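# model this:
(one chain, ligands or ions: 2)
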Amino acid sequence: MTVQSALDELERYAKLNVRHSLHQYDKHGTLHSVAQQALRDDSDAVFAKPWVPWDFDIGNPYDHPVYQQFTEQQKLAWNHLEWAYNYEVVAAGERQIIVLNQYAVRQYRHILPSVVELEERESFEEVDHVAAFQTGLQAIYNRYLPGMNQHRSTTSPSGFRHQQANRLLRHLTGMAADKLLGKRFPTLFFLIRTIKTVSFKGMENSIAQFDQAPELIQRLSHLHRLDESRHQATALKLSKLSDAVLDKTSWESERLFKLAIHSAWPKNRMLESRLQHWRQILFGDTSRQNIFSSISLEDKQAFFTHISMNAQRNLLALHPRQVQITQQVTKRAVEEAGLSREFKQLFVEVLGADPIHRNLVEAVRL
Ligand SMILES: [Fe+2]
Ligand SMILES: [Fe+2]
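Ligands and ions are numbered 1, 2, ... in the order given. Presented below is the predicted three-dimensional model:
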């Protein structure tokens, strides 16, 4: 592919996608407004139904006697809190993207401003998404865990461990990556973003199609997946073509490359952040009443041990709802990325060495 044809392709793509986004928002309004509507009207009715398919919880709580003695209300709360965990993870990823996007397309400013515009539009959408999920999260926490301030101690599933640190450091990360990785930065960033985006797609499709859920909760996931499909396609394209169109010389440092991958998929963090979520719910602020206050400490401990062991074991494989789509897109993304063969191999090697993330790259053939 010549530089000119890559530029033309990106230009066409960027303009078309901004139009699609505008059109979608005209038609459906913001995601935030859908979330507000879901939780404003008849909020009790929304909480009377499950929000996610029951198998989302990889801790297998259902076969434990403590869960079996839950009241109906506690069982539903557990389900809504599983929704909360999933969208905490999504929102944390999107907060990173909002900032890193700016840095990742910096090199396009003078080459192809329409790419910068597209990324600004996508960041605008992510800001809207985060506000929408925050509305849902707050409603859930207010209802079941009044007074508990989740955000102080949430373990971030990506980037740095603490959300607070992330807020500051993601700017530094963006600047440093731009300087050090050069044109490798957009290529690698958008490869990571493709895989991160697809990683939740199988789950989100399942919520959108989950008939037992309230209609507006399904709708929230449905509208979000429409945006994310566009984001995924953009990321794939930019990862593929950035190398061809950006001429900034880059320092091919293996060490930095590995560091970037490790910071996108920190070892064990998925398990840590999941357990932290449930630990806080079960053992958090005991001075306040919450939905699980009626359960004895001993029972909670036995139950928590059970879900921890199951989660740890089940994280070694992709969730059945994710396997096909994740492996398919990851395979394509790595194979098409504008990286040298050597760096693609390194990418697969680094993820392949991690027992939890190796399943992402299993299908890649180089
Ligand atoms: Fe999003
Ligand atoms: Fe996105």
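# near ligand 1, which residues of this structure show up?
Glu94, His129 (C-beta under 5 Å from the ion). For every residue, glycine as well, the C-beta is placed using N, CA and C.
# next to ligand 2 in this structure, residues from the chain, please.
Residues of the chain lying near ligand 2 (C-beta under 5 Å from the ion): Glu228, His231.
# spatially central residue for the chain, please.
Val90 (3.3 Å; C-alpha atoms, centre = their mean).
# host element of it?
helix 72-104 (DSSP states H and E).
# got it, and Arg255?
Using DSSP H and E, Arg255 falls in helix 254-264.
# helices or strands next to that helix in the packing?
For helix 254-264, the contact count by 3 or more C-beta pairs under 8 Å, 6 or more residues apart in numbering; DSSP states H and E identifies helix 163-181, helix 184-208, helix 341-352 as packing neighbours.
# confidence-wise, which of the ones you listed is weakest overall?
Among the helices and strands packed on helix 254-264, helix 163-181 has the lowest mean pLDDT, at a mean of 62.
# wait, what's in contact with whichever residue of the stretch 251-366 of the chain sits closest to ligand 1?
At 16.1 Å from ligand 1, Val329 is the closest residue in the stretch 251-366 of the chain, using C-beta to the ion. Going by C-beta atoms under 8 Å, 6 or more residues apart in numbering, Val329 touches Thr194, Ile195, Val198, Lys201, Gln232, Leu236.
# change it to 6 Å
Val198 (C-beta atoms under 6 Å, 6 or more residues apart in numbering).
# swap in the one 5 residues further on?
When contacts are counted by C-beta under 6 Å, 6+ apart, Val334 touches Lys344, Val364.
# point out where the protein drops to low pLDDT.
Where the chain drops to pLDDT under 70, the residues are 41-42, 149-183, 247-252.
# and the residue of it found nearest ligand 2, how close does it get to Ser21?
Using C-beta to the ion, the single residue of the chain nearest to ligand 2 is His231, 3.5 Å away. To Ser21, His231 is 10 Å away according to C-beta to C-beta, to the nearest Å.
# what does Ala317 give?
From Ala317 to Ser21 the distance is 35 Å (C-beta to C-beta).
# which one's more surrounded, the two?
Ser21 (19 against 13; other C-beta atoms under 10 Å).
# would you agree the more buried one is in contact with Arg121?
Yes. With contacts counted by C-beta atoms under 6 Å, Ser21 reaches Arg121, the gap being 5.3 Å.
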